[in-house]
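Novice: following is a predicted model, sequence given first.
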Amino acid sequence: MKYIPNTDNEKKGMLKEIGVSSFNELIRDIPENIRLKRALSIPGPFDEEEIREWVHLIAEKNVNFFSFKPLIGAGAYRHYIPEVVKAIVSREEFYTSYTPYQPEVSQGNLQSMFELQTHLARLTGMDVVVPSLYDGASAVAEAVLMAVRITHKNRIIVSSLLHPHYREVINTYTEPHNIEIIELPFDKGCTDFFDLKNLLNANTAAVVVQSPNFFGGIENIAAIASEIHDTGALLIQSIAESISLGLLIAPADMGVDIVAGESQSFGMDLNFGGPYNGYLATKTRFLRQLPGRIAGETVDKNGKRAFVMTMRAREQDIRREKATSNICSNHALNIVAANVYLSLLGKNGLYQVALLNTKATHYLQRKLAETNNFEVFEYPFFNEFVVKSKIDIGEVKNRLSSKSFVSPLRVDKFYKKCENYLLFTATEIFKREELDRIAEILGVSC
């Protein structure tokens, strides 16, 4: 919305500097048949104040997560973000930072990466961490390819309660590699591992399990690890809601080999789908198979503390099909946000936030069960749970939206057999009175 328009003379000057005679010559590489042959359908011309008012009118049509509190999560969570996080990441030296293409002159970026690596290593219990991939979906897909490289096997067993979007990205990543993907079914809110032993064979590279899973369920990771490791397969744990790491047992302590996580909950606002920040964590012996960037700590020639890009070939970004991965970027601003957030909360603070999440969600489930309008399922969960609604799904949405709540997710959008199922999320932003109000709104008989 804030911009300074270019005059015709300024446009001519820019075209001349570029070395073209016209705008059409500038876009000559775009095929004629896909170019727009008419003017954009927008009003105007406007002066600056008119544009400001017009954009505000458009923005007011959007629902925001402050005036409408979200009961929807499914990989995108609204948490309280201290103002100091926003104040720091808004500073121009951070706000304009990007991935360190010239590592040694990007000491601030490298230090930030190193510190987030440290936070995530402590939370996951893993030896080494890549602190920034595009998102949790690309992180888990990279973990799958990593497992295939490590084991030289091409069979992957995936829980059907891995986030549906994550499963789509895995399918996209693995399509050129002749990798066999097998899905495990689910029962109520957790993965059904009854047939896992029969599905495991000598060609199984890895088992991929999300915990907390797409339904919020806490999977028995330790039991799964002990079952699969005898076959030589690796266990990949996906974590879409990393606040859970403040409360649940660290993946490394349960026998996980690779952690593929999403750190959006660590100080990042919901902004129409992004940006997010994935991470990968693993054991030292798998270090050379990690994609992305790792920062290391050393000393310079004067003995002062310094940071470097480490444990990867500098040419990795340009090796094309021979590269370990084609990911050669990171989300520097999101790394700063996560660092500030985790540094502010500390170990005890993160534990308290995680505890508030699970208490709020379990309280809401109990209140909904008391209405007799929902069938609840007994399974261990963190801050999301599935219920079967006896009220029409559209009616649930209308009731909640009229009282300034964003409706929970319709599960049948992703799981066709789950008709009238809803996925509720309640984070620490909900007061007890609001949770009581939600149950009251939905407790009215049809």
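Specialist: Noted; the coordinates are in hand. Numbers count the residues shown, from 1 in each chain.
Novice: how about the helix ranked longest in the chain: buried residues?
Specialist: Longest helix of the chain, by residue count under DSSP state H: helix 332-371. Neighbour counts using 16 or more other CB atoms under 10 Å place 332-342, 345, 350, 353-354, 356-358, 360-361, 363-365, 367-368, 371 of helix 332-371 among the buried residues. Where C-beta positions appear, they are placed from N, C-alpha and C, glycine not excepted.
Novice: burial measure for L287, as a count.
Specialist: Using other CB atoms under 10 Å, L287 is surrounded by 15 other residues.
Novice: and D8, by the same measure?
Specialist: 7.
Novice: quick one, phi psi at it?
Specialist: Here is the backbone geometry of D8 (degrees, to the nearest 10): phi -60, psi -40.
Novice: how close does it get to G44?
Specialist: Distance from D8 to G44, counting by CB to CB, to the nearest Å: 16 Å.
Novice: just H165 next, same as before
Specialist: Separation of H165 from G44 (CB to CB) stands at 37 Å.
Novice: neighbour count winner among those two?
Specialist: Between H165 and G44, H165 has the larger neighbour count (other CB under 10 Å), namely 16 against 9.
Novice: show me where the stretch 251-400 of the chain has strands.
Specialist: With DSSP state E, counting those that start in this stretch as the criterion, the stretch 251-400 of the chain has strands at 258-262, 278-282, 295-299, 305-309, 374-376, 384-389.
Novice: can you redo the ones you listed as TSV with mean neighbour count, distance to S445 and mean pLDDT?
Specialist: What follows is the strands of the stretch 251-400 of the chain, written out as TSV (neighbours: other CB atoms under 10 Å; distance: least, CB to CB, whole Å; pLDDT from 0 to 100):
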stretch	mean neighbour count	distance to S445	mean pLDDT
strand 258-262	29	39	98
strand 278-282	29	45	97
strand 295-299	15	58	92
strand 305-309	17	62	91
strand 374-376	18	13	97
strand 384-389	23	13	98
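Novice: I18: which of the ones you listed is closest?
Specialist: Smallest distance to I18 across the strands of the stretch 251-400 of the chain (CB to CB): 33.3 Å, for strand 305-309.
Novice: low-confidence stretches in this protein?
Specialist: Residue ranges of the chain with pLDDT under 70: 1-2, 101, 103, 312-320, 328, 446.
Novice: now do the domain split for it, please.
Specialist: The record, using automatic domain parsing to delimit domains, assigns the chain the ranges 8-53, 69-79+347-442, 83-341.
Novice: adding distance to A59, write those domains out as a markdown table.
Specialist: Shown next, in a markdown table, are these (distance: least, CB to CB, whole Å):
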| stretch | distance to A59 |
| --- | --- |
| domain 8-53 | 11 |
| domain 69-79+347-442 | 17 |
| domain 83-341 | 11 |
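Novice: nearest to N62 among the ones you listed would be which one?
Specialist: Of the domains of the chain, nearest to N62 by CB to CB is domain 83-341, at 8.5 Å.
Novice: can you give me the first-to-last residue distance of the closest one?
Specialist: With CA to CA, to the nearest Å applied, domain 83-341 spans 10 Å between its terminal residues.
Novice: want to throw the strands of the stretch 251-400 of the chain into a markdown table with distance to R399?
Specialist: Shown next, in a markdown table, are the strands of the stretch 251-400 of the chain (distance: least, CB to CB, whole Å):
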| stretch | distance to R399 |
| --- | --- |
| strand 258-262 | 31 |
| strand 278-282 | 36 |
| strand 295-299 | 49 |
| strand 305-309 | 53 |
| strand 374-376 | 13 |
| strand 384-389 | 11 |
